[in-house]
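Trainee: Got a predicted model here, sequence first, then my questions.
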Amino acid sequence: MRIEKVKAQLEKQKLDGIIITDKINWRYLTGFTGSNGWLVITENSTKLFVDGRYTEQASLQTNNIEVIEASSWSDIGSVLGSIVKNKRIGFEQQTISYEKFLLLNQLMRTNLSELIPTMNLVETLRMIKSESEIVALRKAAAIADKTLTDILPLLSAGMTEIDVANEIDYRSKKNGSEGPAFETIVASGTRTALPHGHASQKIIKDNELIMIDFGTIYKGYYSDITRTMAFGSVDQKIKTIYVKLLAAQEKAIANLQLNQPLAEIDQLVRKELASSDLDAFFSHDLGHGIGLSCHEFPAIAKTEKMTLQKNMTFTIEPGVYLPNQFGIRIEDDILINENGKAEVLTKFPKNWSIIQ
């Protein structure tokens with residue numbers, strides 16, 4: 001079914017075929033989870049080129065796909081040349097390496113073919129989740145929630161940020177995650193002002209903020225959650241800004257509706273923050289798609305024209321970062337369900353919290 005949807009897109013874009021080089025995209029389309037390969041889809045055939053490490057794996061993981069063992073570019077080129085001859089073939093401009101592009105471009109010229117860049121052709125299909133994908137995303141979110149529940153009682157002054165990050169990674173695997181979704185972020189004190197302040201050897205102290213941003217993976221599907229909490233007593237200014245940021249996030253979620261341009265969601269939050277002169281300290285997009293990768297198409301950004309559709313999943317994660325002072329981010333994973341309503345998948349509490 002997914003391959004057929006790609007073929008329909010090829011027809012719309014007047015392409016005779018496409019070469020898929022993004023490993024997440026070929027996993028989505030075929031089930032193959034290997035790290036090296038070429039997936040070639042035309043109107044009449046679907047061929048997956050893999051090296052000898054993956055021949056058996058690819059055969060086991062795929063159905064109705066011709067698996068071709070190819071240990072070198074010459075092996076691929078000898079088969080691919082006849083497939084692309086005198087045709088318009090798309091390629092994924094965002095993920096192909098320059099080295100592969102040069103090889104492919106030369107092959108196309110030799111075979112009097114035209115190489116056409118494509119943008120988000122498969123990613124647009126991935127954007128709308130199936131029932132089984134949603135089940136996996138719910139589970140990934142539940143693992144993240146449980147991990148946060150497990151980790152908070154373990155926190156104490158004197159631990160380093162890396163100590164906490166390691167505990168999160170360990171506990172999330174114990175709870176069923178296939179691994180960290182990305183390098184776990186733990187930042188404390190003034191380091192919370194760094195939007196992606198990766199865990200360091202800084203010692204966590206009493207009476208400062210701590211920001212935790214991590215994700216889990218279940219059956220290949222990701223969660224992504226951020227919570228910012230006080231580690232003891234902190235300045236009232238921090239709580240005041242936290243409450244305003246949380247109100248903006250919750251308003252954005254409450255106002256989500258079908259066919260709403262994603263740019264409007266981002267702009268709503270910025271308008272809310274502007275009422276408290278905080279918008280200048282919100283330095284990134286409001287969110288991103290989430291699924292087989294942690295950051296996927298589309299972005300919830302002020303220039304994104306894509307609209308909300310049923311079974312889309314994405315994050316809403318506004319942040320305020322005051323340089324050399326502190327930063328706050330609150331992030332949840334959202335599903336637009338079959339009824340067109342917004343459902344928050346990550347359920348760990350996000351009211352102002354003080355860890356004693």
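Mentor: Cool, got the structure. Predicted model, so just to flag it, every value in this text is computed and none were measured.
Trainee: any chance you could map the helices in the stretch 51-200 of the chain?
Mentor: Using DSSP state H, counting those that start in this stretch, the helices assigned to the stretch 51-200 of the chain run over residues 55-61, 73-84, 98-110, 121-126, 131-151, 161-174.
Trainee: Check which helices and strands the longest one sits against.
Mentor: Secondary structure elements in contact with helix 131-151, counted by 3 or more Cβ pairs under 8 Å, 6 or more residues apart in numbering; DSSP states H and E, are helix 161-174, strand 208-214, strand 217-218, strand 221-222, strand 225-231, strand 332-336. Every C-beta, even on glycine, is put in place using the N, C-alpha and C of the backbone.
Trainee: Give me the residues contacting the longest one.
Mentor: Contacts of helix 161-174 from elsewhere in the structure, counted by Cβ atoms under 8 Å, 6 or more residues apart in numbering, are 143-144, 147, 150-151, 154-155, 179-180, 184-188, 191, 199-202, 204, 210, 212, 214, 216.
Trainee: Would you mind getting the angle between that helix and helix 131-151?
Mentor: With axes from the mean of the first three to the mean of the last three Cα atoms, to 10 degrees as the criterion, the two stretches helix 161-174 and helix 131-151 enclose an angle of 130 degrees.
Trainee: Centre of the chain to helix 161-174, how far?
Mentor: 20 Å (Cα atoms, centre = their mean, to the nearest Å).
Trainee: Now it: average pLDDT?
Mentor: Taken as a whole, helix 161-174 has an average pLDDT of 98.
Trainee: In it, which residues are buried?
Mentor: Buried positions in helix 161-174, judged by neighbour count with 16 or more other Cβ atoms under 10 Å: Glu161, Asp163, Val164, Ala165, Glu167, Ile168, Asp169, Arg171, Ser172, Lys173.
Trainee: Tally up the residues packed near Ala254, please.
Mentor: A count of nearby residues for Ala254, using other Cβ atoms under 10 Å, gives 9.
Trainee: what ranges do the strands span in the stretch 251-356 of the chain?
Mentor: Remark: strands of the stretch 251-356 of the chain, listed N- to C-terminal, are 287-289, 296-300, 313-316, 319-322, 326-329, 332-336, 342-344, 354-355; assignment by DSSP state E, counting those that start in this stretch.
Trainee: so what strands line up beside the shortest one?
Mentor: Right, the one you point to is strand 354-355. Based on DSSP bridges, the pairing partners of strand 354-355 within the sheet are strand 225-231 (parallel).
Trainee: got a list of contacts for the partner strand?
Mentor: Defining contact as Cβ under 8 Å, 6+ apart, one finds that strand 225-231 is touched by 141, 144-145, 148, 155, 157, 185, 188, 192, 204-215, 238-239, 242, 317, 327-333, 346, 348, 350, 352-355.
Trainee: Can you tell me which of the strands of the stretch 251-356 of the chain is nearest to Glu56?
Mentor: Proximity to Glu56 (Cβ to Cβ) singles out strand 296-300 among these, at 28.9 Å.
Trainee: Turn the helices of the stretch 51-200 of the chain into TSV, including distance to Glu43.
Mentor: As requested, the helices of the stretch 51-200 of the chain are arranged in TSV below (distance: least, Cβ to Cβ, whole Å):
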stretch	distance to Glu43
helix 55-61	22
helix 73-84	11
helix 98-110	18
helix 121-126	15
helix 131-151	27
helix 161-174	43
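Trainee: related to what we said a few turns ago, how about TSV for the buried residues of helix 161-174, with distance to Leu292 added?
Mentor: Written out in TSV, the entries for the buried residues of helix 161-174 read as follows (distance: Cβ to Cβ, whole Å):
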residue	distance to Leu292
Glu161	29
Asp163	31
Val164	28
Ala165	24
Glu167	27
Ile168	22
Asp169	20
Arg171	23
Ser172	18
Lys173	19
